[in-house]
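> What would the 3D arrangement of this be:
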Amino acid sequence: MSYRYFRVGRRLLARIAVGATLASAAGGAALATASTAHATTYTVTLTASPSSPTVGQTVALETQVTPSPSGSGLTVTLYDEDSHQIAGFCGSQQWCYIDVTRYDNTPHHYISYLATADHPDPPTGLVAQSNLLTVTWTGTWTWTDTLSAANPTPEAATSTTLHADTNGNTSFEGYSNEVLDLTGNTVVGNCGGGTCDVTVTSRTPQTRQYQARIVDSGGNVIASSNVVSITWLPYYSDQCTSPLLTVVDGWVGGTYARVRVQQNGTDTVVCYRLDQGTTLQGGQIVVSPGAVTVGLPTTDTNDTACSSATDNAMPQPHPLVAASTPLGDVRLDTYASTGTPAAWICVTAGPLHERILVPVSAGGVPGVAVNSDPIAQPAPAPDAGPAGDPSSTCVANGGSSAAQYIDATVGVTHEWLSVWQRSSGELDVCARMQGPVTEGGLVAVTLPVVPGGVQVTPVYGVGSDTSACSFAFVVSEPVSLLLATNQPGSTPVVVCAGAAGAALAVTVGATVTTGPVQPPSLPAFTPDPDNSVL
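Okay, the predicted model is just below:
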(Lines give C-alpha, C1' and ligand atoms only; values in the text may rest on other atoms or scores of the structure.)
Protein backbone atom coordinates (compact mmCIF):
# COMPACT_ATOMS: atom_id res chain seq x y z
CA MET A 1 0.00 0.00 0.00
CA SER A 2 1.42 3.37 -0.96
CA TYR A 3 2.01 6.05 1.65
CA ARG A 4 -0.79 8.08 0.15
CA TYR A 5 -3.39 5.39 0.67
CA PHE A 6 -1.94 4.31 3.99
CA ARG A 7 -2.54 7.89 5.17
CA VAL A 8 -6.11 7.72 3.89
CA GLY A 9 -6.53 4.44 5.77
CA ARG A 10 -5.45 6.04 9.03
CA ARG A 11 -7.96 8.84 8.48
CA LEU A 12 -10.64 6.26 7.77
CA LEU A 13 -9.85 4.46 11.06
CA ALA A 14 -10.31 7.79 12.84
CA ARG A 15 -13.69 8.23 11.14
CA ILE A 16 -14.74 4.72 12.27
CA ALA A 17 -13.67 5.44 15.84
CA VAL A 18 -15.62 8.72 15.93
CA GLY A 19 -18.65 7.02 14.39
CA ALA A 20 -18.54 4.18 16.88
CA THR A 21 -18.41 6.57 19.82
CA LEU A 22 -21.36 8.56 18.48
CA ALA A 23 -23.29 5.36 17.77
CA SER A 24 -22.70 4.06 21.29
CA ALA A 25 -24.02 7.31 22.75
CA ALA A 26 -27.14 6.93 20.61
CA GLY A 27 -27.78 3.40 21.77
CA GLY A 28 -26.10 1.41 19.01
CA ALA A 29 -27.08 3.40 15.87
CA ALA A 30 -25.26 2.75 12.55
CA LEU A 31 -21.88 4.30 11.71
CA ALA A 32 -23.34 7.17 9.67
CA THR A 33 -25.80 8.27 12.38
CA ALA A 34 -25.35 10.36 15.51
CA SER A 35 -27.34 12.02 18.27
CA THR A 36 -27.17 15.61 19.45
CA ALA A 37 -27.50 16.74 23.02
CA HIS A 38 -31.22 17.27 22.26
CA ALA A 39 -31.57 13.56 21.39
CA THR A 40 -32.11 14.22 17.63
CA THR A 41 -30.55 11.43 15.61
CA TYR A 42 -29.14 12.33 12.16
CA THR A 43 -28.18 10.04 9.34
CA VAL A 44 -25.78 11.28 6.59
CA THR A 45 -25.39 9.41 3.30
CA LEU A 46 -23.11 10.23 0.36
CA THR A 47 -23.61 8.90 -3.18
CA ALA A 48 -22.13 9.64 -6.63
CA SER A 49 -23.93 10.09 -9.95
CA PRO A 50 -22.74 8.62 -12.19
CA SER A 51 -21.04 6.09 -10.02
CA SER A 52 -18.60 4.90 -12.74
CA PRO A 53 -17.54 8.05 -14.64
CA THR A 54 -14.95 8.35 -17.39
CA VAL A 55 -12.02 10.75 -17.08
CA GLY A 56 -13.06 14.36 -17.57
CA GLN A 57 -16.70 13.61 -16.74
CA THR A 58 -18.40 15.68 -14.04
CA VAL A 59 -19.79 13.71 -11.10
CA ALA A 60 -22.51 15.02 -8.78
CA LEU A 61 -21.73 14.08 -5.17
CA GLU A 62 -25.09 13.96 -3.36
CA THR A 63 -25.25 14.40 0.41
CA GLN A 64 -28.54 13.59 2.20
CA VAL A 65 -29.16 14.39 5.87
CA THR A 66 -32.08 12.79 7.67
CA PRO A 67 -33.95 14.49 9.25
CA SER A 68 -33.32 17.97 7.80
CA PRO A 69 -30.79 19.96 9.85
CA SER A 70 -32.49 23.22 8.95
CA GLY A 71 -32.66 25.52 12.02
CA SER A 72 -30.37 23.28 14.07
CA GLY A 73 -27.28 25.47 13.65
CA LEU A 74 -25.47 22.47 12.15
CA THR A 75 -23.79 22.61 8.73
CA VAL A 76 -22.84 20.02 6.14
CA THR A 77 -19.32 20.04 4.68
CA LEU A 78 -17.93 17.77 1.94
CA TYR A 79 -14.24 16.86 2.17
CA ASP A 80 -11.83 15.44 -0.41
CA GLU A 81 -10.04 12.86 1.71
CA ASP A 82 -7.08 12.56 -0.68
CA SER A 83 -6.10 16.22 -0.42
CA HIS A 84 -7.82 16.79 2.98
CA GLN A 85 -9.34 19.94 1.49
CA ILE A 86 -12.95 21.08 1.61
CA ALA A 87 -14.69 20.14 -1.65
CA GLY A 88 -17.90 22.03 -0.94
CA PHE A 89 -20.17 23.68 1.65
CA CYS A 90 -23.83 22.74 1.96
CA GLY A 91 -25.02 24.87 4.86
CA SER A 92 -28.01 23.44 6.78
CA GLN A 93 -29.61 21.82 3.72
CA GLN A 94 -31.06 18.35 3.79
CA TRP A 95 -29.99 17.70 0.18
CA CYS A 96 -26.69 18.99 -1.24
CA TYR A 97 -25.04 18.43 -4.64
CA ILE A 98 -21.33 19.16 -5.24
CA ASP A 99 -19.88 18.68 -8.74
CA VAL A 100 -16.38 17.25 -9.05
CA THR A 101 -14.31 16.43 -12.12
CA ARG A 102 -11.11 14.41 -12.36
CA TYR A 103 -8.75 13.65 -15.22
CA ASP A 104 -6.81 10.72 -13.74
CA ASN A 105 -7.98 7.12 -13.26
CA THR A 106 -6.91 6.59 -9.63
CA PRO A 107 -9.48 6.16 -6.82
CA HIS A 108 -10.65 9.37 -5.10
CA HIS A 109 -12.27 9.45 -1.66
CA TYR A 110 -14.93 11.79 -0.29
CA ILE A 111 -16.80 12.18 3.00
CA SER A 112 -19.53 14.52 4.32
CA TYR A 113 -19.72 15.86 7.89
CA LEU A 114 -22.58 17.30 9.93
CA ALA A 115 -21.07 19.48 12.65
CA THR A 116 -21.19 22.82 14.43
CA ALA A 117 -18.11 23.99 12.42
CA ASP A 118 -16.73 23.29 8.96
CA HIS A 119 -13.09 22.63 9.89
CA PRO A 120 -10.66 21.05 10.64
CA ASP A 121 -10.81 17.50 9.24
CA PRO A 122 -12.87 16.10 10.97
CA PRO A 123 -14.53 19.37 11.99
CA THR A 124 -15.16 20.68 15.50
CA GLY A 125 -18.49 19.69 17.05
CA LEU A 126 -18.93 16.62 14.85
CA VAL A 127 -22.48 15.24 15.07
CA ALA A 128 -22.64 12.78 12.17
CA GLN A 129 -20.57 11.71 9.18
CA SER A 130 -21.35 9.89 5.97
CA ASN A 131 -19.88 6.76 4.56
CA LEU A 132 -16.43 7.14 2.94
CA LEU A 133 -17.25 7.26 -0.79
CA THR A 134 -14.75 6.07 -3.38
CA VAL A 135 -15.10 7.31 -6.98
CA THR A 136 -12.81 6.05 -9.72
CA TRP A 137 -12.77 7.75 -13.12
CA THR A 138 -11.87 5.32 -15.90
CA GLY A 139 -10.03 5.77 -19.17
CA THR A 140 -7.16 8.05 -20.15
CA TRP A 141 -7.32 11.85 -20.52
CA THR A 142 -5.18 13.59 -23.14
CA TRP A 143 -4.58 17.23 -22.30
CA THR A 144 -4.71 19.81 -25.09
CA ASP A 145 -3.96 23.52 -25.07
CA THR A 146 -4.84 26.22 -27.61
CA LEU A 147 -3.78 29.85 -27.97
CA SER A 148 -5.34 32.59 -30.10
CA ALA A 149 -4.93 36.36 -30.53
CA ALA A 150 -7.72 38.91 -30.64
CA ASN A 151 -5.68 41.03 -33.07
CA PRO A 152 -2.50 39.51 -34.53
CA THR A 153 -1.48 42.79 -36.22
CA PRO A 154 -1.92 45.71 -33.80
CA GLU A 155 -0.18 49.05 -34.19
CA ALA A 156 2.95 49.61 -32.17
CA ALA A 157 2.31 50.92 -28.63
CA THR A 158 -1.14 49.30 -28.56
CA SER A 159 -2.05 46.04 -26.86
CA THR A 160 -3.67 42.84 -28.00
CA THR A 161 -5.17 39.97 -26.02
CA LEU A 162 -3.98 36.37 -26.07
CA HIS A 163 -6.64 33.80 -25.16
CA ALA A 164 -5.32 30.56 -23.67
CA ASP A 165 -7.72 27.61 -23.34
CA THR A 166 -7.26 24.02 -22.19
CA ASN A 167 -9.70 21.13 -22.61
CA GLY A 168 -10.12 20.80 -18.85
CA ASN A 169 -9.74 22.61 -15.55
CA THR A 170 -6.04 22.29 -14.80
CA SER A 171 -6.46 23.31 -11.16
CA PHE A 172 -8.27 20.02 -10.43
CA GLU A 173 -5.01 18.19 -11.03
CA GLY A 174 -2.73 20.78 -9.47
CA TYR A 175 -1.61 21.94 -12.90
CA SER A 176 -1.49 25.44 -14.37
CA ASN A 177 -1.56 26.89 -17.87
CA GLU A 178 1.28 29.30 -18.60
CA VAL A 179 1.52 31.75 -21.50
CA LEU A 180 5.12 32.02 -22.66
CA ASP A 181 6.80 34.71 -24.77
CA LEU A 182 8.98 32.44 -26.88
CA THR A 183 10.93 35.38 -28.33
CA GLY A 184 12.06 36.55 -24.91
CA ASN A 185 11.68 33.16 -23.14
CA THR A 186 9.60 34.71 -20.37
CA VAL A 187 6.25 33.79 -18.81
CA VAL A 188 3.75 36.62 -19.44
CA GLY A 189 0.62 35.04 -17.93
CA ASN A 190 -0.67 32.18 -15.81
CA CYS A 191 -4.12 30.60 -16.01
CA GLY A 192 -4.85 28.72 -12.81
CA GLY A 193 -8.01 27.04 -14.10
CA GLY A 194 -6.67 26.51 -17.63
CA THR A 195 -8.42 29.41 -19.39
CA CYS A 196 -7.51 33.09 -19.25
CA ASP A 197 -6.77 36.23 -21.26
CA VAL A 198 -3.30 37.79 -21.28
CA THR A 199 -2.60 41.31 -22.59
CA VAL A 200 0.69 41.96 -24.43
CA THR A 201 2.10 45.22 -25.79
CA SER A 202 5.12 46.40 -27.77
CA ARG A 203 6.17 50.03 -28.12
CA THR A 204 8.17 49.28 -31.26
CA PRO A 205 7.20 47.57 -34.54
CA GLN A 206 8.27 43.93 -34.30
CA THR A 207 7.09 40.32 -34.43
CA ARG A 208 7.03 38.14 -31.31
CA GLN A 209 5.92 34.54 -30.85
CA TYR A 210 3.84 33.13 -28.00
CA GLN A 211 2.81 29.67 -26.79
CA ALA A 212 0.69 28.30 -23.94
CA ARG A 213 1.69 25.17 -22.04
CA ILE A 214 0.23 23.06 -19.24
CA VAL A 215 2.74 22.39 -16.46
CA ASP A 216 2.53 20.39 -13.27
CA SER A 217 3.64 21.54 -9.82
CA GLY A 218 7.21 20.49 -10.62
CA GLY A 219 7.36 22.56 -13.81
CA ASN A 220 7.10 19.56 -16.13
CA VAL A 221 5.31 20.29 -19.39
CA ILE A 222 2.15 18.20 -19.81
CA ALA A 223 0.96 19.73 -23.09
CA SER A 224 1.83 22.67 -25.37
CA SER A 225 -0.38 24.82 -27.58
CA ASN A 226 0.10 26.09 -31.09
CA VAL A 227 2.51 29.00 -31.62
CA VAL A 228 0.92 32.43 -32.22
CA SER A 229 2.82 35.28 -33.89
CA ILE A 230 1.93 38.88 -33.08
CA THR A 231 3.24 41.50 -35.50
CA TRP A 232 3.12 45.06 -34.23
CA LEU A 233 2.76 47.29 -37.27
CA PRO A 234 4.52 50.62 -37.68
CA TYR A 235 2.76 53.65 -36.27
CA TYR A 236 -0.05 54.98 -38.45
CA SER A 237 2.17 57.86 -39.54
CA ASP A 238 4.83 55.40 -40.76
CA GLN A 239 2.59 53.14 -42.84
CA CYS A 240 2.77 55.01 -46.17
CA THR A 241 5.83 53.10 -47.35
CA SER A 242 4.88 53.12 -51.07
CA PRO A 243 3.69 56.69 -51.57
CA LEU A 244 2.17 57.91 -54.78
CA LEU A 245 3.03 61.40 -53.63
CA THR A 246 5.36 62.85 -51.04
CA VAL A 247 4.05 66.31 -50.32
CA VAL A 248 6.81 66.99 -47.82
CA ASP A 249 9.08 64.86 -45.68
CA GLY A 250 11.65 66.68 -43.62
CA TRP A 251 12.56 69.84 -41.77
CA VAL A 252 11.05 73.15 -42.80
CA GLY A 253 12.08 76.17 -40.73
CA GLY A 254 12.61 74.26 -37.49
CA THR A 255 9.47 72.16 -37.87
CA TYR A 256 9.49 68.56 -39.02
CA ALA A 257 6.58 67.78 -41.31
CA ARG A 258 5.84 64.58 -43.16
CA VAL A 259 2.88 64.15 -45.49
CA ARG A 260 2.72 61.13 -47.78
CA VAL A 261 -0.15 59.90 -49.92
CA GLN A 262 -0.65 56.21 -50.65
CA GLN A 263 -3.31 54.17 -52.42
CA ASN A 264 -4.54 51.05 -50.58
CA GLY A 265 -7.03 49.41 -52.91
CA THR A 266 -9.78 51.98 -53.38
CA ASP A 267 -8.76 53.89 -50.25
CA THR A 268 -6.48 56.90 -50.29
CA VAL A 269 -4.30 57.09 -47.19
CA VAL A 270 -2.48 60.22 -46.08
CA CYS A 271 0.19 59.63 -43.43
CA TYR A 272 1.29 62.68 -41.48
CA ARG A 273 3.64 63.60 -38.68
CA LEU A 274 4.42 66.96 -37.15
CA ASP A 275 7.17 67.83 -34.67
CA GLN A 276 7.36 71.42 -33.50
CA GLY A 277 9.24 70.84 -30.27
CA THR A 278 6.44 70.75 -27.73
CA THR A 279 3.90 69.73 -30.39
CA LEU A 280 4.14 66.12 -31.51
CA GLN A 281 1.33 64.79 -33.68
CA GLY A 282 1.05 61.90 -36.06
CA GLY A 283 -1.41 59.56 -37.68
CA GLN A 284 -3.19 58.94 -40.93
CA ILE A 285 -6.28 60.06 -42.80
CA VAL A 286 -8.11 57.35 -44.72
CA VAL A 287 -10.51 58.40 -47.47
CA SER A 288 -12.92 55.72 -48.68
CA PRO A 289 -14.55 57.15 -51.80
CA GLY A 290 -17.48 54.74 -52.09
CA ALA A 291 -18.30 51.74 -54.22
CA VAL A 292 -16.47 52.86 -57.38
CA THR A 293 -13.24 54.78 -57.83
CA VAL A 294 -11.97 56.05 -61.16
CA GLY A 295 -8.38 57.22 -61.55
CA LEU A 296 -5.76 58.24 -59.01
CA PRO A 297 -5.72 61.25 -56.69
CA THR A 298 -4.75 64.59 -58.21
CA THR A 299 -3.38 67.75 -56.63
CA ASP A 300 -3.65 71.50 -56.93
CA THR A 301 -2.46 74.41 -54.79
CA ASN A 302 -5.81 75.33 -53.19
CA ASP A 303 -4.67 74.30 -49.72
CA THR A 304 -7.20 76.49 -47.88
CA ALA A 305 -10.26 74.91 -49.53
CA CYS A 306 -10.82 72.32 -46.78
CA SER A 307 -11.08 74.90 -44.00
CA SER A 308 -13.09 77.46 -45.96
CA ALA A 309 -15.74 75.09 -47.38
CA THR A 310 -19.17 75.63 -45.78
CA ASP A 311 -20.58 72.16 -46.51
CA ASN A 312 -17.76 70.19 -44.92
CA ALA A 313 -19.18 66.97 -43.47
CA MET A 314 -16.00 66.26 -41.52
CA PRO A 315 -16.27 67.10 -37.81
CA GLN A 316 -14.38 69.99 -36.22
CA PRO A 317 -11.76 71.20 -35.72
CA HIS A 318 -10.70 72.73 -39.01
CA PRO A 319 -7.82 72.59 -39.64
CA LEU A 320 -7.04 69.23 -38.09
CA VAL A 321 -3.39 70.12 -37.40
CA ALA A 322 -2.08 73.68 -37.15
CA ALA A 323 1.29 75.12 -36.15
CA SER A 324 3.40 78.16 -36.95
CA THR A 325 7.02 78.08 -38.11
CA PRO A 326 9.58 80.70 -39.16
CA LEU A 327 8.79 79.76 -42.76
CA GLY A 328 5.03 79.93 -42.38
CA ASP A 329 2.17 77.78 -41.17
CA VAL A 330 1.92 74.02 -41.07
CA ARG A 331 -1.69 72.88 -41.53
CA LEU A 332 -3.45 69.63 -42.28
CA ASP A 333 -7.18 69.41 -42.92
CA THR A 334 -9.84 67.22 -44.53
CA TYR A 335 -13.06 67.76 -46.43
CA ALA A 336 -15.89 65.45 -47.41
CA SER A 337 -19.22 66.17 -49.05
CA THR A 338 -22.14 63.79 -49.43
CA GLY A 339 -24.16 66.19 -51.59
CA THR A 340 -21.81 66.38 -54.55
CA PRO A 341 -19.47 63.50 -53.67
CA ALA A 342 -16.00 64.84 -52.97
CA ALA A 343 -13.08 64.11 -50.64
CA TRP A 344 -10.01 66.32 -50.18
CA ILE A 345 -6.94 66.48 -47.99
CA CYS A 346 -5.35 69.93 -47.68
CA VAL A 347 -1.70 70.37 -46.74
CA THR A 348 0.28 73.51 -45.94
CA ALA A 349 3.92 73.22 -44.90
CA GLY A 350 5.67 76.58 -45.02
CA PRO A 351 6.02 77.39 -48.71
CA LEU A 352 4.26 74.16 -49.74
CA HIS A 353 0.58 74.40 -50.65
CA GLU A 354 -1.22 71.25 -51.79
CA ARG A 355 -4.79 70.02 -52.02
CA ILE A 356 -5.16 66.29 -52.71
CA LEU A 357 -8.40 65.49 -54.54
CA VAL A 358 -9.60 61.91 -54.17
CA PRO A 359 -11.90 60.66 -56.96
CA VAL A 360 -15.38 59.85 -55.67
CA SER A 361 -17.89 58.07 -57.89
CA ALA A 362 -21.30 59.55 -58.54
CA GLY A 363 -23.79 58.31 -55.99
CA GLY A 364 -21.03 57.26 -53.63
CA VAL A 365 -20.70 58.46 -50.06
CA PRO A 366 -17.10 59.28 -49.16
CA GLY A 367 -15.87 58.17 -45.79
CA VAL A 368 -13.00 59.92 -44.04
CA ALA A 369 -11.42 58.39 -40.94
CA VAL A 370 -8.60 59.81 -38.83
CA ASN A 371 -6.34 57.35 -37.01
CA SER A 372 -3.95 58.92 -34.51
CA ASP A 373 -0.68 57.40 -33.42
CA PRO A 374 -1.07 55.87 -29.94
CA ILE A 375 1.99 57.77 -28.72
CA ALA A 376 3.82 60.76 -30.19
CA GLN A 377 7.03 59.98 -32.03
CA PRO A 378 9.96 62.42 -32.09
CA ALA A 379 11.14 63.45 -35.54
CA PRO A 380 14.24 61.91 -37.10
CA ALA A 381 17.44 63.91 -37.36
CA PRO A 382 17.92 66.01 -40.51
CA ASP A 383 19.57 64.30 -43.46
CA ALA A 384 23.14 65.38 -44.05
CA GLY A 385 24.00 66.62 -47.52
CA PRO A 386 26.73 64.96 -49.60
CA ALA A 387 30.00 65.11 -47.68
CA GLY A 388 32.53 67.53 -49.12
CA ASP A 389 30.13 69.29 -51.49
CA PRO A 390 30.05 73.09 -51.37
CA SER A 391 26.29 72.91 -50.58
CA SER A 392 27.10 70.96 -47.40
CA THR A 393 29.68 73.50 -46.18
CA CYS A 394 27.34 75.61 -44.05
CA VAL A 395 26.15 72.76 -41.81
CA ALA A 396 29.36 70.69 -41.95
CA ASN A 397 31.66 73.57 -41.01
CA GLY A 398 29.27 75.86 -39.17
CA GLY A 399 27.73 73.22 -36.92
CA SER A 400 25.23 74.64 -34.45
CA SER A 401 26.00 78.20 -35.56
CA ALA A 402 24.53 77.49 -38.99
CA ALA A 403 20.80 78.10 -39.52
CA GLN A 404 19.30 75.16 -41.40
CA TYR A 405 16.03 76.34 -42.93
CA ILE A 406 15.02 73.40 -45.06
CA ASP A 407 16.07 69.76 -45.23
CA ALA A 408 13.13 67.96 -46.77
CA THR A 409 11.85 65.86 -49.62
CA VAL A 410 9.29 67.64 -51.76
CA GLY A 411 7.74 65.36 -54.35
CA VAL A 412 10.68 63.38 -55.78
CA THR A 413 13.28 66.00 -54.94
CA HIS A 414 15.17 66.52 -51.68
CA GLU A 415 16.33 70.04 -50.97
CA TRP A 416 18.63 71.65 -48.45
CA LEU A 417 18.96 75.33 -47.59
CA SER A 418 21.13 76.69 -44.79
CA VAL A 419 22.88 79.93 -43.92
CA TRP A 420 26.16 80.34 -42.07
CA GLN A 421 28.02 83.46 -41.04
CA ARG A 422 31.52 82.27 -41.83
CA SER A 423 33.10 85.44 -40.49
CA SER A 424 32.28 89.04 -39.73
CA GLY A 425 32.77 89.80 -43.40
CA GLU A 426 31.17 86.81 -45.12
CA LEU A 427 27.78 85.15 -45.13
CA ASP A 428 27.32 81.80 -46.92
CA VAL A 429 24.08 80.47 -48.36
CA CYS A 430 24.17 76.71 -49.07
CA ALA A 431 21.49 75.23 -51.31
CA ARG A 432 21.02 71.86 -53.00
CA MET A 433 18.20 70.10 -54.85
CA GLN A 434 18.70 66.37 -55.43
CA GLY A 435 16.31 64.32 -57.52
CA PRO A 436 15.66 63.66 -61.21
CA VAL A 437 17.78 66.77 -61.74
CA THR A 438 20.48 67.60 -59.24
CA GLU A 439 21.75 71.13 -58.66
CA GLY A 440 23.43 72.87 -55.78
CA GLY A 441 26.27 74.88 -54.48
CA LEU A 442 27.50 77.64 -52.23
CA VAL A 443 26.66 81.32 -52.65
CA ALA A 444 29.14 83.46 -50.69
CA VAL A 445 28.14 87.04 -49.95
CA THR A 446 31.08 89.20 -48.84
CA LEU A 447 30.13 92.04 -46.52
CA PRO A 448 32.18 95.24 -46.62
CA VAL A 449 34.54 96.27 -43.88
CA VAL A 450 34.18 99.92 -42.92
CA PRO A 451 37.44 101.88 -43.16
CA GLY A 452 39.07 101.93 -39.79
CA GLY A 453 38.19 98.30 -39.02
CA VAL A 454 34.76 98.91 -37.55
CA GLN A 455 32.86 95.58 -37.05
CA VAL A 456 30.07 94.96 -39.53
CA THR A 457 27.09 92.86 -38.36
CA PRO A 458 25.17 90.95 -41.06
CA VAL A 459 21.40 91.10 -41.07
CA TYR A 460 19.43 88.48 -42.92
CA GLY A 461 15.91 87.14 -43.07
CA VAL A 462 14.07 84.26 -44.74
CA GLY A 463 10.81 84.44 -46.64
CA SER A 464 9.04 82.99 -49.66
CA ASP A 465 8.97 86.05 -51.96
CA THR A 466 11.46 85.25 -54.72
CA SER A 467 10.31 87.95 -57.14
CA ALA A 468 13.54 89.93 -56.68
CA CYS A 469 15.74 87.03 -57.82
CA SER A 470 16.18 87.68 -61.54
CA PHE A 471 19.87 86.80 -61.76
CA ALA A 472 19.86 83.00 -61.98
CA PHE A 473 22.69 80.60 -61.36
CA VAL A 474 20.44 77.56 -61.93
CA VAL A 475 16.98 77.23 -63.46
CA SER A 476 16.29 73.74 -64.76
CA GLU A 477 13.61 71.26 -65.74
CA PRO A 478 11.77 68.80 -65.67
CA VAL A 479 11.24 69.80 -62.06
CA SER A 480 11.38 73.46 -61.18
CA LEU A 481 14.79 74.12 -59.64
CA LEU A 482 16.02 77.58 -58.77
CA LEU A 483 19.22 79.05 -57.39
CA ALA A 484 19.43 82.79 -58.04
CA THR A 485 20.09 86.27 -56.65
CA ASN A 486 18.77 89.71 -57.35
CA GLN A 487 20.68 91.88 -59.79
CA PRO A 488 24.36 92.48 -58.97
CA GLY A 489 24.92 95.67 -57.01
CA SER A 490 21.48 95.64 -55.42
CA THR A 491 21.11 96.39 -51.73
CA PRO A 492 20.33 94.24 -49.83
CA VAL A 493 21.40 91.03 -51.56
CA VAL A 494 18.62 88.44 -51.97
CA VAL A 495 19.55 84.77 -52.55
CA CYS A 496 16.68 82.50 -53.69
CA ALA A 497 16.44 78.72 -53.73
CA GLY A 498 13.51 76.54 -54.68
CA ALA A 499 12.38 73.13 -55.83
CA ALA A 500 9.11 71.42 -56.71
CA GLY A 501 6.94 74.32 -55.61
CA ALA A 502 8.88 75.29 -52.49
CA ALA A 503 10.72 78.60 -52.75
CA LEU A 504 12.79 80.42 -50.13
CA ALA A 505 14.44 83.81 -50.23
CA VAL A 506 17.36 84.77 -47.97
CA THR A 507 17.89 88.53 -47.66
CA VAL A 508 21.43 89.60 -46.73
CA GLY A 509 22.23 93.12 -45.51
CA ALA A 510 24.64 94.86 -43.14
CA THR A 511 24.61 97.45 -40.39
CA VAL A 512 27.42 99.49 -38.93
CA THR A 513 27.61 101.61 -35.81
CA THR A 514 29.97 104.21 -37.31
CA GLY A 515 31.21 105.08 -40.72
CA PRO A 516 29.61 104.83 -44.15
CA VAL A 517 27.37 101.89 -45.06
CA GLN A 518 28.57 99.97 -48.11
CA PRO A 519 26.57 97.33 -50.01
CA PRO A 520 27.69 93.70 -50.08
CA SER A 521 29.85 92.66 -53.00
CA LEU A 522 28.65 90.52 -55.90
CA PRO A 523 27.87 87.01 -54.60
CA ALA A 524 30.28 84.26 -55.64
CA PHE A 525 28.83 80.89 -56.63
CA THR A 526 30.68 77.57 -56.17
CA PRO A 527 28.68 74.70 -57.75
CA ASP A 528 28.45 71.13 -56.48
CA PRO A 529 30.50 68.72 -58.63
CA ASP A 530 27.49 66.54 -59.57
CA ASN A 531 25.25 69.29 -60.93
CA SER A 532 23.16 68.07 -63.84
CA VAL A 533 23.02 71.43 -65.59
CA LEU A 534 25.58 74.20 -65.17
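> so which strand or helix has H318?
Using DSSP states H and E, H318 is not contained in any helix or strand.
> surely it meets T310?
No. Judged on Cβ atoms under 8 Å, H318 makes no contact with T310 at a distance of 11.0 Å. For the C-beta atoms, the positions are set from N, CA and C on the backbone; glycine is no exception.
> These two: which is more packed in?
H318 (17 against 4; other Cβ atoms under 10 Å).
> Is the residue nearest to that one when sequence neighbours are not counted part of a helix or strand, or is it coil?
Of all residues not flanking H318 in the chain, S307 sits nearest, at 4.6 Å (Cβ to Cβ, 6 or more residues apart in numbering). Secondary structure for S307, judged by DSSP: H, G, I helix; E, B strand; the rest coil, is helix.
> where exactly do the helices run in the stretch 351-500 of the chain?
Per DSSP state H, counting those that start in this stretch, the stretch 351-500 of the chain carries helices over the ranges 393-398.
> Which parts of it are strands?
Along the stretch 351-500 of the chain, the segments classed as strands by DSSP state E, counting those that start in this stretch run 352-358, 367-372, 403-410, 413-423, 426-434, 439-446, 457-463, 471-476, 481-485, 493-499.
> Give the other helices and strands that the fifth one contacts.
It stands for strand 426-434. helix 393-398, strand 413-423, strand 439-446, strand 481-485, strand 493-499, strand 502-511 (3 or more Cβ pairs under 8 Å, 6 or more residues apart in numbering; DSSP states H and E).
> which stretch in those has the least confidence?
Note on the helices and strands packed on strand 426-434: strand 502-511 shows the lowest mean pLDDT, a mean of 61.
> Can you name the residues that contact L332?
By Cβ atoms under 8 Å, 6 or more residues apart in numbering, the contact set of L332 is V259, Y272, L274, I285, P319, L320, V321, A322, I345, C346, V347, T348.
> Spatially, which residue comes closest to A444, not counting chain neighbours?
Distances taken as Cβ to Cβ, 6+ apart place A524 nearest to A444, at 4.7 Å, with adjacent residues excluded.
> Isn't the one you found up against G441?
No. Judged on Cβ under 8 Å, A524 makes no contact with G441 at a distance of 10.1 Å.
> Okay, buried residues for stretch 262-269 please.
Q262, Q263, T266, T268, V269 (16 or more other Cβ atoms under 10 Å).
> Among the residues you listed, which pair sits farthest apart?
Using Cβ to Cβ, the buried residues of stretch 262-269 span at most 12.5 Å, a distance reached by Q262 and T266.
> D428 and V494: what is the separation?
The gap separating D428 from V494 is 15 Å, by Cβ to Cβ, to the nearest Å.
> And Y42, by the same measure?
Y42 sits 109 Å away from V494, going by Cβ to Cβ.
> Where does pLDDT dip in the stretch 201-350 of the chain?
277-279, 290-295, 324-328, 338, 349-350 (pLDDT under 70).
> Report the beta-bridge partners for T43.
On the basis of DSSP bridges, T43 takes part in beta bridges with T33, T66.
> coming back round to it: tell me how many other residues surround the residue nearest to H318.
18.
> mind listing what it touches?
Applying Cβ under 8 Å, 6+ apart to S307 gives the contacts H318, P319, R331, D333, C346.
> try 7 Å this time
H318, P319, D333 (Cβ atoms under 7 Å, 6 or more residues apart in numbering).
> and what of P378?
Going by Cβ under 7 Å, 6+ apart, the list of residues near P378 reads D275, L280.
> Let's see the pLDDT reported for it.
Predicted confidence (pLDDT) for P378: 79.
> where does the stretch 1-150 of the chain dip in pLDDT?
In the stretch 1-150 of the chain (pLDDT under 70), the answer is 1-39.
> At which residues are the strands of it located?
Secondary structure of the stretch 1-150 of the chain (DSSP E, counting those that start in this stretch): strands at 33-35, 41-49, 58-66, 75-80, 85-91, 95-101, 107-115, 126-129, 133-136, 145-149.
> Determine which stretch of those strands is the most buried.
For the strands of the stretch 1-150 of the chain, the largest average neighbour count (mean count of other Cβ atoms under 10 Å) is found in strand 126-129, namely a mean of 24.
> Pairing partners for it, with directions?
Strand 126-129 has the following strand partners under DSSP bridges: strand 107-115 (antiparallel).
> Quick check: closest non-adjacent residue to A376.
The shortest distance from A376 to any non-neighbouring residue, by Cβ to Cβ, 6+ apart, is to L280 (3.3 Å).
> and T144, how many neighbours does it have?
Neighbour count for T144, taken as other Cβ under 10 Å: 13.
> First-to-last residue distance for stretch 46-63?
End-to-end span of stretch 46-63 (Cα to Cα, to the nearest Å): 5 Å.
> and P382, what is it in contact with?
Counting by Cβ under 7 Å, 6+ apart, P382 touches W251, Q404, D407.
> residues contacting the first one?
When the contact criterion is Cβ under 7 Å, 6+ apart, the partners of W251 are P382, Q404, I406, D407, A408.
> three-state assignment of it?
strand.
> beta partners of it?
Beta-bridge partners recorded for W251 (DSSP bridges): Y256, D407.
> Isn't T199 up against P154?
No. The criterion here is Cβ atoms under 7 Å, and T199 misses it with P154 at 10.8 Å.
> higher neighbour count, these two?
Neighbours around T199 and P154, counted as other Cβ under 10 Å, are more numerous at P154. The numbers are 20 against 11.
> what's the distance between the more buried one and I285?
20 Å.
> R273: neighbour count?
Around R273 there are 26 other residues, counting by other Cβ under 10 Å.
> just A384 next, same as before
Residues near A384, counting by other Cβ under 10 Å, number 11.
> returning to that earlier point: in CSV, list the contacts of S307 along with distance to T246.
Formatted as CSV, the contacts of S307 follow (distance: Cβ to Cβ, whole Å):
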residue, distance to T246
H318, 24
P319, 20
D333, 19
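> ok, the residue nearest to T186 when sequence neighbours are not counted - contacts?
Among residues not flanking T186 along the chain, L180 sits closest, at 7.3 Å (Cβ to Cβ, 6+ apart). Residues in contact with L180 (Cβ under 7 Å, 6+ apart) are V187, Y210, Q211, R213.
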